[in-house]
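Visitor: this is a predicted model, with the sequence first.
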Amino acid sequence: MNMHLALGKAGEQLAADWLEKMGYTLYARNFRWGKTEIDIVATRAEWLHIIEVKTRRSDKWGPPELQVDKKKMSVMQRAAAVLLNQTHRKWVQYDIVTITWKKGETPLIELIEDVS
């Protein structure tokens, strides 16, 4: 596995663990529906959370959340209809977990909520 993919996979695991500590219940990781892939699907209270995880080694090219563009948001929104039905939730929220994981440092994890 190349370093980029390994970093992404490690970031998703870190995000999943962190979200559980923050009171989220994980419903699915790497949820696939057609060509759509959602990093993390979680629930908290009555809400369904569709979560994109972005992990970077530095902020040289800007903050990680800048990588979530309109196309990715559209993908997340299409998957939400299926997931709302599966989870029997009424409300959905789109979130981004950003991880800046500089070499030799503790990863910085941030949750950006309700990015629709």
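Guide: All right, it came through fine.
Visitor: quick check: phi and psi on residue 11?
Guide: phi -60, psi -40 (degrees, to the nearest 10).
Visitor: now do the SS call for the residue nearest to it when sequence neighbours are not counted.
Guide: Leaving aside its chain neighbours, residue 11 sits nearest to residue 55 (2.8 Å; criterion: Cβ to Cβ, 6 or more residues apart in numbering). In this view, the C-beta of every residue, glycine as well, is placed from N, C-alpha and C. Classification of residue 55 by DSSP: H, G, I helix; E, B strand; the rest coil places it in strand.
Visitor: can you give me the strands in this protein?
Guide: Remark: strands assigned in the chain by DSSP state E are 25-33, 36-44, 47-56, 91-100, 108-112.
Visitor: pick the most buried one from those.
Guide: Most buried of those, by mean neighbour count (mean count of other Cβ atoms under 10 Å): strand 47-56, with a mean of 23.
Visitor: list the helices and strands that strand packs on?
Guide: Using 3 or more Cβ pairs under 8 Å, 6 or more residues apart in numbering; DSSP states H and E, the elements in contact with strand 47-56 are helix 3-21, strand 36-44, helix 70-87, strand 91-100.
Visitor: can you add distance to residue 27 and mean pLDDT and give those back as a markdown table?
Guide: Output for the helices and strands packed on strand 47-56, formatted as a markdown table (distance: least, Cβ to Cβ, whole Å; pLDDT from 0 to 100):
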| stretch | distance to residue 27 | mean pLDDT |
| --- | --- | --- |
| helix 3-21 | 11 | 90 |
| strand 36-44 | 4 | 94 |
| helix 70-87 | 6 | 90 |
| strand 91-100 | 12 | 96 |
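Visitor: wait, isn't residue 75 in contact with residue 36?
Guide: Yes. Counting by Cβ atoms under 8 Å, residue 36 is a contact partner of residue 75 at 5.2 Å.
Visitor: no further questions, thank you.
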